[in-house]
Structure formats: C-alpha cells, structure tokens
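[1] below are the sequence and a predicted model; questions follow.
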Amino acid sequence: MVEFALTAPIFLLVLMGIFDYSWQMYAQQVLQGAVSEAARDSTLETYADSQTALDTRVSDQVRRVFRNADVRFSRKSYDRFEQVGIEERYTDANGNGSYDAGECYDDSNGNGRWDPDRGRDGNGGADDVTLYTVSMSFDRVLPVWRMLGQPQSTTLSYSTVLRNQPFATGSDANPDSCP
C-alpha cells in the first residue's frame, strides 16, 4: 500500500500526459486533413473569389471534434515557389546587410512599404503560389498542464503551399523597380 501510494501519483501524471499528448497529435491530424483538402480546392477557379466558404468548411471540420476551438486563417500569394517567406528585394545603400528607411526596394506585395515577407495577402490569381496557414487554439482536455504550472490552452497550426490552376481571374505582381 505504501509503495502504491508513492508511485500512483507519478504513474497517473505520466499516464495523463500521454493521453493529452495523444489528443494533441490527433488535433494536429484533424487540422492537417481539413487544411489539405481545403487548400487543394482553393487552387481551383471555382473557389478563386469565395475563400470564406473554404474557411468555413475547415472551421466546421475542426469544430466537429474540438467544439470551442478558435480557428484563424491566413493566405499569402507569391509568383514562384522559391519566393515563399523571402523578403522583398532592396538596395543596401549603406552596406549594413539590412533594409533601412529610405533605401530603394521592390514593393512586391504592393502595400507601400518594405516587408520581410514579399507575399501578397489573399489567394492570388492564376498560376500564383499560395501559402495557406490555419491556426487553432483550444483548451487541453486534461488538467496535466495546469498541474505543472503551464497554460491550459494550446495553439496548433498547419501550412501548405500550392500553385493555383491557370484560370482567368487574378492579377500579376508589381514589376521590380529597384536597379
């Protein structure tokens, strides 16, 4: 009885931790499946102007399992795959290796300022490459984390990169203007 009293709390804590970790892995798979399916559909012309319908579909699929999940979406479009997550080009006039105000830059996303990510907000147009990211925040099922002094809420995200099909809707990026 004494040995059980000493080992049971640790055993139960480890067991609950394994269950909670497994639940989070399941959540990641649910999110990944929903995002992958919606992302494939978003590359088709049918959904070019109706991204909210796809976002709603992802939210609905995630909330079937995680009822109170807070689901957020972001899309960035690029001309080519190798541009994903790359900063806008600039002329490093003072040679310090970073962009400084007043230096010439290519406003690839058309927002009027230099950005560390050249992507344009939205799904883009025909033949554009789209980075589709969905994040979900939810409370963990078991109180293991609270018992260990950690937050009860967690956030998972999943991203996928796809090329839009060649369709008539859309626009091209602004041309480069820096020498």
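    Arrived safely, thanks for sending.

[2] what secondary structure does residue 34 sit in?
    helix (DSSP: H, G, I helix; E, B strand; the rest coil).

[3] so the nearest residue to residue 40 once chain neighbours are set aside bridges to which residues?
    Nearest-residue entry for residue 40: residue 162, 7.0 Å, with adjacent residues in sequence omitted and distances by Cβ to Cβ, 6 or more residues apart in numbering. (Glycine included, C-beta is placed from N, CA and C.) Listed beta-bridge partners, residue 162: residue 130 (assigned using DSSP bridges).

[4] if I look at residue 162, how far off is residue 133?
    Residue 162 sits 12 Å away from residue 133, going by Cβ to Cβ, to the nearest Å.

[5] just checking, residue 145 touches residue 23?
    No - at 11.7 Å, residue 145 does not count as touching residue 23 under the criterion of Cβ atoms under 8 Å.

[6] tell me the confidence at the residue nearest to residue 40?
    Residue 162 carries a pLDDT score of 85 in this model.

[7] just for this structure, where's the confidence low?
    Scanning the chain for pLDDT under 70 picks out 44-49, 167-179.

[8] list the contacts for residue 58?
    The neighbours of residue 58, taking Cβ atoms under 8 Å, 6 or more residues apart in numbering as the test, are 34-35, 38, 71, 73, 134.

[9] how about the strands in the chain?
    70-78, 120-121, 129-139, 153-163 (DSSP state E).

[10] chain center to the first one, what's the gap?
    Spelled out, that is strand 70-78. 6 Å (Cα atoms, centre = their mean, to the nearest Å).

[11] distance of the residue nearest the centre of the chain relative to residue 67?
    Note on the chain: the residue nearest the mean C-alpha position is residue 133, at 2.5 Å, using Cα atoms, centre = their mean. According to Cβ to Cβ, residue 133 stands 22 Å off from residue 67.

[12] which residues touch residue 162?
    Counted by Cβ under 8 Å, 6+ apart, residue 162 has contacts 39-40, 42-43, 129-130, 132.

[13] quick check on the residues you listed: which are buried?
    39, 42-43, 129-130, 132 (16 or more other Cβ atoms under 10 Å).
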